[in-house]
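*Asks:* curious how this folds, go ahead:
(2 chains)
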Amino acid sequence: MEPESPASPVDDALKAMLLVCLQLHGLSADLDGVDALLVHARRNLDAHLLLHAFEPSKGLEPAAVFRA
Amino acid sequence: MSGGAGPWTAEAISRAFQRGEASASEILENCLSTISDRNPAVNAFTDVTVERARAAAAALDRRRRKGEHTGPLAALPFGVKNNIDVAGIPTRAGSKVNRVAPRAQRDATVVARMEAAGAILVGALNMGEFAYDFTGDNDHDGPSRNPHDTSRMSGGSSGGCGAAVGAGLVPLALGTDTNGSVRIPAALCGTFALKPTFGRVPRTGTFPFVASLDHVGPFATSVAGLARSFDAIQGVCKDDPVSVSGSAQDTHGQLDDGLGSLRVAIAGGYYREGGDADALVAVDRVAAALGCSKTVIIPEAARARAAAQLVTAAEGSALHLRRLQEHGPEFGALVRQRLLAGLAIPAAWVDEAHRFRRWFHAQLVACFDEVDVIVAPAAPFAAPPLGVDEVRVGSRLVALRPALGLYTQPLSFAGVPVAAVPVWLDGASLPRGVQIITAPGRELHALRVARELEARGIAQYRRPALAAAN
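*Replies:* Numbers count the residues shown, from 1 in each chain, chains lettered A, B, ... in the order given. Modelled structure (predicted):
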């Protein structure tokens, strides 16, 4: 899924985030290994980056688009 | 109607029952015999509710003998995905974790509504674990298999529904669709199916996956069966917080109104990319039959899919947090990995995805100012072999699991109704699926178009010649 997130530094950050989040929830990556989880975390990050880069179509006010 | 070779559309079975050519009990025994013969090949049923079904059939026969009304679905056997409660059996939702859960105390609303319309529940159906699946595989129950080639995937997560209806074990089934889990198995297994408008069919008594995206929808061997099922299960339910009010539609009674003045267009842009050539050939065949030459671009479909992915991973992970803490090793590895990774999604990302959803919904609904119906592929390729992780699409090798939801995810994210119809290209041994997309609340339009395609032989259910079990 475009845009691809950068490689290693982001992976390191994602791994750290995964491990902290799991620990906070009383979980660990022991069963699967953090690299297996990283594949999915990367997909989630890529989805977020694609969504976050959204530019509203011409004529649409960003405030209107993103009004909760 | 013996030997498992009887009529397998809802209309044919209904006709036989209404004319007195077959009793409900005879129809049921034929169905049970067919399940016994054919289910081992496709692994669709996890539970067969023989005694309950026999009691229901006998009651129907008594009512008919008394001249009482027996309902629009009278004597039609159906199965339900095992994330839909059936009193007396555990709602395992395809998991090992839920195997020790208490048996369901009561039926889901949709099961009760099907039975109130005269349909006969015959069992629960295999599914992807906790519905987090597009393949129909299951680490605990084994994969449901494609009835047209049992070495191939049924699609998921309602894989047992696709396999059971596709194989002709039952003429009707109920599944759930969060990102495509009704439409993908329907496309891969060659059945008709309907993902209704979000909130139109209550989820009360179903095991959730992503509450803000979950839908219940029917599978059928014919469009009439699909319409009858939808008519039976639609309508407000106070116990489902997203259930929408409004009067129920009689879609079955208007199915044969033809295309009339319905304006049909092909989905362009995103929906012409990412699939193999035959995915588009199937859409073009449907479009040609409908006399459609107009193209509509559904704006930002790729971002809608990305947003759906985030909402799914985050909500699904939150739902299963306690199970992950207490039963982590009992999850299938892939499902566990996705759920654990989902726990690290920041709330701000999910909030942004929901805000985008509102924008996308408005944009998609606006497309229906110009047209009434949009046609698009349902799956980017035909049923892949079991056990593969990647498939070749043109010159590209793509990851199988995420790719399967390419065309379905944006539409369930918006909540618009979509019928899936099976199309057989010349010389093909596997079906292709085409989505018939309409505006919210306009299921009738999708069903009328599906019926027209069925009547012209463009969309077609084909019962495969499966080998019976020894």
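
*Asks:* CA atoms for contacts and neighbours, from now on please.
*Replies:* Noted.

*Asks:* now the closest residue to chain A within the stretch 201-350 of chain B. Nearest residue, chain neighbours left out?
*Replies:* Chain A sits closest to B:Ala306 of the stretch 201-350 of chain B, with a gap of 4.5 Å, by C-alpha to the nearest C-alpha. With C-alpha to C-alpha, 6 or more residues apart in numbering or on different chains as the criterion, B:Ala306 has its nearest non-adjacent residue at 4.5 Å, and that residue is A:Ala47.

*Asks:* ok, A:Cys21 next?
*Replies:* Nearest non-adjacent residue to A:Cys21, counting by C-alpha to C-alpha, 6+ apart: B:Ala344, 5.7 Å away.

*Asks:* SS state for residue 30?
*Replies:* All of this refers to chain A. coil (DSSP: H, G, I helix; E, B strand; the rest coil).

*Asks:* now do it against B:Gln337, distance only.
*Replies:* Taking C-alpha to C-alpha, to the nearest Å as the measure, A:Asp30 falls 11 Å from B:Gln337.

*Asks:* wait, what's in contact with B:Gln234?
*Replies:* B:Gln234 makes contacts with B:200-202, B:248, as judged by C-alpha atoms under 8 Å, 6 or more residues apart in numbering or on different chains.

*Asks:* of all those, which two lie farthest apart?
*Replies:* Within the contacts of B:Gln234, B:Pro202 and B:Ala248 form the most distant pair, 12.6 Å apart (C-alpha to C-alpha).

*Asks:* quickly list what's touching both of those two.
*Replies:* Here B:Pro202 and B:Ala248 share the contacting residues B:234-235, scored by C-alpha under 8 Å, 6+ apart.

*Asks:* please identify the helix or strand for the closest residue to chain B within chain A.
*Replies:* Per C-alpha to the nearest C-alpha, A:Ala47 is where chain A lies closest to chain B, at 4.5 Å. Following DSSP states H and E, one finds A:Ala47 within helix A:34-52.

*Asks:* what's that helix packed up against?
*Replies:* In terms of contact count using 3 or more C-alpha pairs under 8 Å, 6 or more residues apart in numbering or on different chains; DSSP states H and E, helix A:34-52 is assigned the packing partners helix A:8-24, helix B:301-327, helix B:333-342, helix B:347-367.

*Asks:* show me the contact partners of that helix.
*Replies:* Identification of contacts with helix A:34-52 by C-alpha under 8 Å, 6+ apart yields A:1-5, A:11, A:14-15, A:18-19, A:29, B:303-304, B:306-307, B:309-310, B:337-338, B:340-342, B:344-345, B:349, B:352-353.

*Asks:* for chain A, what lies in contact range of chain B?
*Replies:* By C-alpha under 8 Å from any C-alpha of the partner chain, the residues of chain A that approach chain B are A:17-18, A:21-22, A:25-27, A:31-32, A:36-38, A:40-41, A:44, A:47-48, A:50-52, A:54, A:65-68.

*Asks:* now the closest residue to B:Gly128 other than its chain neighbours, what's its secondary structure?
*Replies:* With C-alpha to C-alpha, 6+ apart as the criterion, B:Gly128 has its nearest non-adjacent residue at 4.6 Å, and that residue is B:Ser157. Following three-state DSSP, B:Ser157 is assigned to coil.

*Asks:* next up, the contacts around B:Ser157.
*Replies:* Taking C-alpha under 8 Å, 6+ apart as the criterion, B:Ser157 is in contact with B:127-129, B:131-136, B:176-177, B:181-182, B:185.

*Asks:* ok, now B:His140?
*Replies:* Taking C-alpha under 8 Å, 6+ apart, we find B:His140 in contact with B:94-96, B:332.

*Asks:* if we go by neighbour counts, what in the helix holding A:Ala47 is buried?
*Replies:* Going by neighbour count (16 or more other C-alpha atoms under 10 Å in any protein chain shown), the buried part of helix A:34-52 is A:34, A:36-38, A:40-51.
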